[in-house]
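Q: Return atomic coordinates for the entry below.
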Amino acid sequence: MIDLLYADDVMVVVSKPDNLLSVPGIGEAKRDCLVTRLQLEFPTIRIVHRLDYATSGLLVLALNAGSHRALSIQFQERVPKKRYQALVTGNLAETQGKIDLPLSPDWENRPLSKVDLENGKPSLTHWQCIERQSEHSRVLLYPHTGRSHQLRVHLLAIGHPILGDVFYTDEAEHQQHPRMMLHADQLELRHPLSGEWMVFESPCPF
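A: Numbers count the residues shown, from 1 in each chain. Okay, here's the model as predicted:
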């Protein structure tokens, strides 16, 4: 089910469920996605940014060419503020920190990404640990950049991969969880017409 949080004449904000593509994949079997479902109610809808198939949470979409251009420029200039919540393996030693590691596609293992100190693109994630349990921690994640699989690879790189991640944890580990424990729970941006600063929240489902 797609949770519609906001809609006007130029944009909509929704919370995408986990295990749903943001846009159609290759082939008829991968046509079902967030955009095709929303087109039934909003025929002119256009994607602005994406979430991974396994990630749930907030996305803003445009309803015409003008708002699509304005919102896309915001994301290019890193105006929006995005926050994610995740459950990760183990207990982080510190309460907060940052992960500043360049990333690039792992071409031999597509669609994975990897830390690449020589040729990777600059990638920065700030994090805050808000809860420690016996075998895992709950963290808030603030990506400054938006590389493919950035949060997943960054957390793996510091030894705390996201629970339920089928790409970056072994099968015995991810089989213990019903989904990948990563949710985009807060999104802040400017309205593409009025310029009003808007804040949206989606409660974490895990």
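
Q: Over the strand or helix carrying residue 200, what's the mean pLDDT, rounded is fine.
A: Assigned by DSSP states H and E, residue 200 belongs to strand 197-201. Average pLDDT, strand 197-201: 98.

Q: who touches it?
A: For strand 197-201, the surrounding residues in contact (Cβ atoms under 8 Å, 6 or more residues apart in numbering) are 5, 6, 13, 58, 60, 185, 186, 187, 188, 189, 190, 191. C-beta here means a position set from N, CA and C on the backbone, and glycine is covered the same way.

Q: Who are the contact partners of the residue most central in space within the chain?
A: The chain has residue 51 as the residue nearest its centroid, 4.3 Å off, counting by Cα atoms, centre = their mean. By Cβ under 8 Å, 6+ apart, the residues touching residue 51 are 16, 22, 57, 59, 184.

Q: hang on, residue 33 packs against residue 19?
A: No - Residue 33 is not in contact with residue 19 according to Cβ atoms under 8 Å; the separation is 11.2 Å.

Q: of the two, who's got more company?
A: Neighbour comparison, residue 33 and residue 19: the larger count goes to residue 33, with 19 against 13 (by other Cβ atoms under 10 Å).

Q: Quick check: the more buried one vs residue 79, distance?
A: Between residue 33 and residue 79 the computed distance is 26 Å (Cβ to Cβ, to the nearest Å).

Q: now residue 60
A: 12 Å.

Q: Name the residues contacting each of the two.
A: Listed as contacting both residue 60 and residue 79 by Cβ under 8 Å, 6+ apart are residue 189.

Q: Residue 13 falls within a strand, correct?
A: Yes - the assignment for residue 13 by DSSP: H, G, I helix; E, B strand; the rest coil puts it in a strand.

Q: Tell me the pLDDT of the closest residue to it other than its chain neighbours.
A: Leaving aside its sequence neighbours, residue 13 sits nearest to residue 6 (Cβ to Cβ, 6 or more residues apart in numbering; 4.1 Å). At residue 6, the model reports a pLDDT of 98.

Q: Residue 6 contacts residue 12, correct?
A: Yes - under the criterion of Cβ under 8 Å, residue 6 makes contact with residue 12 at 6.5 Å.
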